[in-house]
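Show me how the following folds:
(one chain, ligands or ions: 1)
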Amino acid sequence: MYELSLLCPEDRVEALSDALDALDALSVSVEDADAQTEAEQALFGEPGMPPPKDGWQRSRIVALFPTEAAAREARQLLQVQDFFEGCHVLGVAPVQDQDWVRLTQSQFTPVDITPDFWIVPTWHELPPQARTSIRLDPGLAFGTGTHPTTRMCLRWIARRGAGGAALGKVLDYGCGSGILAIGAAKFGAVDIDAVDIDPAAVESTRLNAQANNVQLRAGLPDQVAGPYQTVLANILATPLKVLAPLLCSYVAQGGHLVLAGILERQADELKEAYAPWLPLQVADSEDGWILMTAAR
Ligand SMILES: C[S@@+](CC[C@H](N)C(=O)[O-])C[C@H]1O[C@@H](n2cnc3c(N)ncnc32)[C@H](O)[C@@H]1O
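Have a look, this model is predicted:
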């Protein structure tokens, strides 16, 4: 296979990508041409905040073609179009044949949450020390066990569950892949709701629960039926602040609220936002992220 690489300004990305699709490119990918340089700019802000930028200043577009002739023909056709003004051809080059499945799989290896609790992709053997495990492959929804926010929530679940304290009825609010809900089931919870605003996450949670022989109810947030002994929410600081009264109202007497997706510097604003309902405390930290918990 051959790849045609182009450099273009922000306002040409869509036209060029559409044209490459129309020219039967097998795939088209768009990258920040200034990534890892002084000129790199943030593109996404937190949900609820204005995005810092609509698109990258300069993008590198890479289109894959089955033959060199097809890649060169696409280059020639594009160069004479009006919308190509301001764009540049970086080159046409062969792509090394690789075992892409093996390459992708090699990037996802078993992850330890505690010495004996592991997240393991289905194509890997279970590590011998994994007394408890979640089988999970990377998919459309967030939550593979590698992100510090997910890991801290799982550690909290494992500590509490392994310590003999019942997790009781559990709510995983913003379930993504369902990893926290499945983790709670692995540590003894039997009555579990897992909800997300993203239908793809709900579907992913259902499939991952099935693959792990776990019973839970996955759905949209309107299916929440509290109160719960354990409320888990790994979202981000801004939505967590907006959700404060709602999430606190779901926590049963004697229950626990566990929040992640919060940066160290955001601890005070979260404490303040939750103070009318529950006294949040920092319970764990990893790589600049913190876990905040409260008991009712
Ligand atoms: C960071 S992911 C966490 C996924 C998983 N629970 C974990 O810990 O890895 C956050 C999830 O929250 C969902 N989400 C964001 N805002 C939400 C809201 N207001 N209500 C419910 N879910 C929300 C997103 O769709 C996403 O799947």
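
Was I right to think T67 contacts E3?
No. With contacts counted by CB atoms under 8 Å, T67 stays clear of E3, the gap being 11.8 Å. Quick note: C-beta positions are derived from backbone N, CA and C, even for glycine.

who's more crowded, the two?
The residue with more neighbours, out of T67 and E3, is E3; 19 against 10, by other CB atoms under 10 Å.

got the contact list for the more buried one?
V62, A63, L64, F65, A71, V92, A93, V95 (CB atoms under 8 Å, 6 or more residues apart in numbering).

again, only this time at 6 Å
For E3, the contact set (CB atoms under 6 Å, 6 or more residues apart in numbering) comprises V62, L64, A93, V95.

Tell me how many other residues surround the third one.
Using other CB under 10 Å, A93 has 13 neighbouring residues.

where does it fall, phi/psi-wise?
With angles defined as degrees, to the nearest 10, A93 sits at phi -140, psi 150.

Grab the nearest non-local neighbour of it.
Of all residues not flanking A93 in the chain, E3 sits nearest, at 5.8 Å (CB to CB, 6 or more residues apart in numbering).

Kindly report the same for K241.
Going by CB to CB, 6+ apart, K241 has A273 as its nearest residue, at 4.2 Å.

Same question for L216.
Here the residue nearest L216, using CB to CB, 6+ apart, is I192, at 4.0 Å.

Just want the phi and psi numbers for the residue of the chain positioned farthest from its centre.
The C-alpha centroid of the chain is most remote from V80, which lies 40.3 Å away (CA atoms, centre = their mean). When read as degrees, to the nearest 10, the backbone of V80 gives phi -100, psi 0.

got a list of what V195 touches?
Here V195 is in contact with Y173, G219, P221, V224 (CB under 6 Å, 6+ apart).

Which strands or helices does the longest strand seen in the chain pack on?
Secondary structure assigned by DSSP state E gives strand 251-263 as the longest strand of the chain. Packing contacts for strand 251-263, counted by 3 or more CB pairs under 6 Å, 6 or more residues apart in numbering; DSSP states H and E, involve helix 148-162, strand 228-234, strand 289-295.

Restrict whichever helix or strand comes after that strand to CA atoms and write it as PDB.
Heading C-terminal from strand 251-263, the first helix or strand you meet, by DSSP states H and E, is helix 267-274. Only the C-alpha atoms of helix 267-274 are listed here, as PDB (Å, rounded to 0.1, in the frame of the first residue of the first chain):
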ATOM      1  CA  ALA A 267      -9.900  19.900  44.800                       C
ATOM      2  CA  ASP A 268     -11.100  23.000  46.500                       C
ATOM      3  CA  GLU A 269     -13.700  24.000  43.900                       C
ATOM      4  CA  LEU A 270     -15.100  20.500  44.100                       C
ATOM      5  CA  LYS A 271     -15.200  20.500  47.900                       C
ATOM      6  CA  GLU A 272     -17.100  23.900  47.700                       C
ATOM      7  CA  ALA A 273     -19.500  22.600  45.100                       C
ATOM      8  CA  TYR A 274     -20.400  19.500  47.100                       C
END
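
Buried residues of helix 267-274, list them for me.
Buried residues in helix 267-274, counting neighbours by 16 or more other CB atoms under 10 Å, are found at A267, L270, K271, A273, Y274.

now stretch 56-64
W56, R58, S59, R60, I61, V62, A63, L64.

Give me the distance between that stretch and the centre of its chain.
23 Å (CA atoms, centre = their mean, to the nearest Å).

Show residues contacting the lowest-mean-pLDDT helix or strand in the chain.
One helix or strand of the chain scores below all others by mean pLDDT, DSSP states H and E: helix 100-106, with a mean of 73. The contact list for helix 100-106 (CB under 6 Å, 6+ apart) reads W123.

Equivalent analysis for stretch 153-167, please.
With CB under 6 Å, 6+ apart, stretch 153-167 has contacts from 113-114, 117, 180, 183-184, 187-189, 230, 232, 234, 258, 260.
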